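[1] Let me see the structure of the following:
(one chain, ligands or ions: 2)
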Amino acid sequence: MYNPKSPKAEDFINHEEILASLDYAEKNKNNRELIEKIIEKAREYKGITHREAAVLLACEDEALNEKMYSLAREIKQKIYGNRIVMFAPLYLSNYCINSCVYCPYHVKNKHICRKKLTQEQVREETIALQDMGHKRLALEAGEDPVNNPLEYILECIDTIYSIKHKNGAIRRVNVNIAATTVENYKRLKDAGIGTYILFQETYHKEHYEELHPAGPKHDYAYHTEAMDRAMQGGIDDVGLGVLFGLDTYPYELVGILMHAEHLEAAFGVGPHTISVPRICPADDIDVDDFSNAVPDEMWHKIIAIIRIAVPYTGMIVSTRESAKNRKRALELGISQISGASSTSVGGYASPESEDENTAQFDRSDTRTLDEVVNWLMELGYIPSFCTACYREGRTGDRFMSLAKTGAIQNCCQPNALMTLKEYLVDYASQGTQKIGEKVIAEELKKIPNENVRAIAEKYISEIELGKRDFRF
Ligand code: SF4
Ligand code: SF4
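    Ligands and ions are numbered 1, 2, ... in the order given. The predicted structure is shown next:
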């Protein structure tokens, strides 16, 4: 039985409810009146249900689709302004005992080179990331209790936080590791992680089991209920995601929104972020084996609908996507992007040769961080290296209530400008510095609160003189 409050995966991601929603959407895809009504409801910035989102997804009317896109842009602008938060993934280990058929780290891939960073190598990677200007990381590791036990992940987190190279510092470590126990989530929380990220891959149970034929990840319920355990362990910022292309995209969209509704119903706080990766080529992985690939136009529509459905949930896109696709995705709802990512174990400090390739997927966007930052500013965005909320204890429902009243804006804008200033002074090329200074001068004027503006101006002058790490 469908029940968003239930702790059981089969109740809150209920297969029959998904099918009924898709059926309802199919029957109403030309129901102009209903679609207009859903769009009107979404204008209140309070979101829409998974069923309503399914109807919007099914709509084929160009004019109505345009209305959706324009509303998504409006919500994005109103809630996130023109700030884009930057991050980078850090691959710790590609040892894995799972058998995910879409990932080159699957246990049966015997020709991929297996690597696990030593603490010295974690240090080198962290310094390489700091020297680029990154402040926020997402740790990635396969599931392997012998090679990558939780103690190893915790040790890496400690190492990363302890390194201060020149003016560099990693100020927020998000973690993307396998589903685990409440006890282990508590330990991750105590280690000071930001968001716990776990992609569902697919919400379709039967297909999920086929795509994960062996290993602990085969257990659909254990995987799907992981965010509940993370919340019980005290981690209140969790990041959802599906790998679009594994199952049909309408099924996945409804599934991920039901998951968000479940977290809201059961814990009073929805997901902190949603990621929207699509399957892409990698060692031992041929995308032609996956018939559900999502075309660009539909992928952009999915992003717009998620933006409308969960306005206060950050949305993330990685370097899997090309600069062109990322540009449109940013307009429609994406609030966080990675830059200059290496998807290999140890790939920042020592780029790999072909025969020791450990990349999890091929990147489409291979620009440097300076190029991405410059590009964002040319497009009218403010690249932000802000990590303030988690460090100020603004997480979970505390963060969400500030976000929903709009009060968070008083922090985001000055924090974005101050962290951009740090980036410009410490890491940017001359060209990027030039455009960045102009952006800061113009954007400072837009801070509505006089006091906040004056303090931000003062802090920015102090950054010029060598001080660091101011935050609101
Ligand atoms: Fe292992 Fe994760 Fe890759 Fe699956 S997706 S094989 S769990 S690293
Ligand atoms: Fe994100 Fe908080 Fe910084 Fe705003 S102030 S950008 S919400 S960390």
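[2] which stretches of the stretch 351-472 of the chain have low pLDDT?
    Scanning the stretch 351-472 of the chain for pLDDT under 70 picks out the ranges 353-355.
[3] How are the helices of it distributed by residue range?
    Taking DSSP state H, counting those that start in this stretch as the test, the helices found in the stretch 351-472 of the chain are 369-378, 388-391, 396-405, 409-426, 430-445, 450-464.
[4] Give the buried residues for the last one.
    Put plainly, it is helix 450-464. Residues of helix 450-464 classed as buried by neighbour count (16 or more other Cβ atoms under 10 Å): Val452, Arg453, Ile455, Ala456, Glu457, Tyr459, Ile460, Ile463. Where you see a C-beta, it was placed from the backbone N, CA and C, and this is true even at glycine.
[5] The residue most central in space within the chain sits in which helix or strand?
    With distances taken as Cα atoms, centre = their mean, the residue of the chain nearest its centroid is Ile316 (3.5 Å). Assigned by DSSP states H and E, Ile316 belongs to strand 314-317.
[6] Correct me if wrong: Thr343 contacts Pro89.
    Yes - Thr343 lies in contact with Pro89 (Cβ atoms under 8 Å); the separation is 6.7 Å.
[7] Within range of ligand 2, give me the residues from the stretch 251-400 of the chain.
    Counting by Cβ under 6 Å from any ligand atom, the stretch 251-400 of the chain comes close to ligand 2 at Ser384, Cys386, Thr387, Ala388, Cys389.
[8] In contact with the closest residue to the first one other than its chain neighbours, which residues are there?
    Nearest in space to Ser384, with sequence neighbours left out and distances taken as Cβ to Cβ, 6 or more residues apart in numbering, is Ala416 at 3.5 Å. Listed by Cβ atoms under 8 Å, 6 or more residues apart in numbering, the contact partners of Ala416 are Arg83, Ile382, Pro383, Ser384, Cys386, Glu443.
[9] Just the buried residues of the residues you listed.
    Taking 16+ other Cβ under 10 Å as the criterion, what is buried in those is Arg83, Ile382, Pro383, Ser384, Cys386, Glu443.
[10] and the fifth one, backbone torsions?
    This points to Cys386. The phi/psi pair for Cys386 (degrees, to the nearest 10) reads phi -70, psi 140.
[11] Check whether it really touches Cys412, as I assumed.
    Yes - Cys386 lies in contact with Cys412 (Cβ under 8 Å); the separation is 6.8 Å.
[12] Please list the residues of the stretch 201-350 of the chain that sit near ligand 1.
    Contact residues (Cβ under 6 Å from any ligand atom) of the stretch 201-350 of the chain with ligand 1: Lys217.
[13] out of everything not next to it in sequence, what's closest to the residue of the stretch 201-350 of the chain found nearest ligand 1?
    In the stretch 201-350 of the chain, the residue found nearest to ligand 1 is Lys217; the distance is 5.2 Å by Cβ to the nearest ligand atom. Nearest residue to Lys217 in three dimensions, chain neighbours excluded: Asn98, at 4.3 Å (Cβ to Cβ, 6+ apart).
[14] That neighbour and ligand 2: what is the separation?
    32 Å (Cβ to the nearest ligand atom, to the nearest Å).
[15] What of Asn65?
    In terms of Cβ to the nearest ligand atom, Asn65 sits 30 Å off from ligand 2.
[16] and that residue, which of the three is it?
    Classification of Asn65 using DSSP: H, G, I helix; E, B strand; the rest coil returns helix.
[17] follow-up on the earlier one: of the contacts of Ala416, closest to ligand 2?
    Checking the contacts of Ala416 against ligand 2 with Cβ to the nearest ligand atom, the nearest one is Cys386 at 3.3 Å.
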